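>>> Output the structure for:
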Amino acid sequence: MNKPGTISKKLTDSHMKQIYVLRAMSKDAVLDGSKKKSKQYKIEEINVNSGLNDEKETQRYLFILEGQKLVSPFPEGDFTSKTWYITQRGLEAVKLVSNI
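Below is the predicted model of the structure:
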């Protein structure tokens with residue numbers, strides 16, 4: 001078993017940036033197990049809150065996270081959308097990695 005804090009040494013820069021995006025999108029969300037959608041965020045807002053400050057890079061991480069069903073575009077299926085939200089599964093993932 002890993003010592004607390006050692007897992008982050010094994011995560012790549014890409015993994016950490018995905019975590020930053022999830023954290024930025026989870027600030028106002030509530031983990032309640034319902035199908036209710038969380039707050040919707042514009043890519044520009046995710047940029048600022050995650051610290052990435054690069055729209056194309058942020059969008060790339062959103063696509064990666066969407067493939068894992070952790071975030072979704074709004075409206076669903078519109079991958080050209082500038083509006084995204086974190087899913088309940090994404091909120092659960094943020095809770096799991098909250099110590100990183």
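
>>> use CA for all of it now, contacts and neighbours both
Will do.

>>> which residues of the protein score low on pLDDT?
Within the chain, the stretches with pLDDT under 70 are 1-9, 30-37, 100.

>>> Next one: the nearest residue to Asn49 once chain neighbours are set aside relative to Leu65, how far apart?
Distance criterion Cα to Cα, 6 or more residues apart in numbering; nearest residue to Asn49, sequence neighbours excluded, is Ala24 at 5.2 Å. Distance, Ala24 to Leu65, by Cα to Cα, to the nearest Å: 13 Å.

>>> What of Ser14?
11 Å.

>>> what does Asn47 give?
15 Å.

>>> got the contact list for the most centrally placed residue in the chain?
In the chain, the centroid-proximal residue (Cα atoms, centre = their mean) is Leu22; its distance is 2.1 Å. Contacts for Leu22 (Cα atoms under 8 Å, 6 or more residues apart in numbering) come out as Ile86, Gly90, Leu91, Val94.

>>> Let me know the helix or strand that it is in.
Using DSSP states H and E, Leu22 sits within helix 13-26.

>>> in that helix, what's buried?
Neighbour-count burial for helix 13-26 flags Lys17, Gln18, Ile19, Tyr20, Val21, Leu22, Arg23, Ala24, Met25, Ser26 (criterion: 16 or more other Cα atoms under 10 Å).
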